[in-house]
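Trainee: Any chance you could fold what I've pasted below:
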Amino acid sequence: MKKVGVIGCGSYMDSGYGCPGEWRCLKAAALGEGKFDEPVQVIWHLKCQCPGRSTVSNLDMSIKMSDIKPDAIYVSSCMAYAMPDCPYRSAEELAMVVQEKFGIDVILGTHEYH
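Mentor: Numbering: from 1, shown residues only. Coordinates of the predicted model:
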């Protein structure tokens, strides 16, 4: 089974703007819905905290501490499609930085639930 990590917008989740937490991402992953082309095993879910400076180093720590390199990393729908956009870093920029640093495929979005 494919192993994945998910990065979610901590501010979006904590504020309750349509995302009460990671359950939507986890549901889509378990059922192979949305951007997941098959059911996958989520090995960690990382919250990006404003202004996002520590996200890449926290991601590095998540990979090291889980002792499992994910096959892919998903940038949650609350980050990829947020309105208003993140004022600090676009989801595309985060995906590019993560992909370059870790050599792991990054997918923008997780689910299409409303």
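
Trainee: C-alpha only now, for contacts and for neighbours.
Mentor: Fine.

Trainee: Not counting the helix or strand where Ala29 lies itself, show me its contacts.
Mentor: Assigned by DSSP states H and E, Ala29 belongs to helix 23-31. If you take Cα atoms under 8 Å, 6 or more residues apart in numbering as the criterion, helix 23-31 is touched by 6, 34-36, 38-42, 76-77, 110-111, 113.

Trainee: Format the CA atom coordinates belonging to that helix as CSV.
Mentor: As requested, the backbone C-alpha atoms of helix 23-31 are provided in CSV (Å, rounded to 0.1, in the frame of the first residue of the first chain):
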residue,chain,number,x,y,z
TRP,A,23,-10.9,14.1,8.9
ARG,A,24,-11.8,15.0,5.3
CYS,A,25,-8.2,14.3,4.1
LEU,A,26,-8.1,11.1,6.1
LYS,A,27,-11.5,10.0,4.7
ALA,A,28,-10.5,10.6,1.1
ALA,A,29,-7.1,8.8,1.7
ALA,A,30,-8.8,5.8,3.2
LEU,A,31,-11.4,5.5,0.5
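
Trainee: Now the contacts of helix 23-31 in TSV, please, with extra columns for secondary structure and distance to Lys69.
Mentor: Shown next, in TSV, are these (DSSP: H, G, I helix; E, B strand; the rest coil; distance: Cα to Cα, whole Å):
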residue	secondary structure	distance to Lys69
Val6	strand	13
Gly34	coil	22
Lys35	coil	20
Phe36	coil	18
Glu38	coil	18
Pro39	coil	18
Val40	coil	14
Gln41	strand	12
Val42	strand	11
Ser76	coil	18
Ser77	helix	22
Thr110	coil	19
His111	coil	22
Tyr113	coil	28
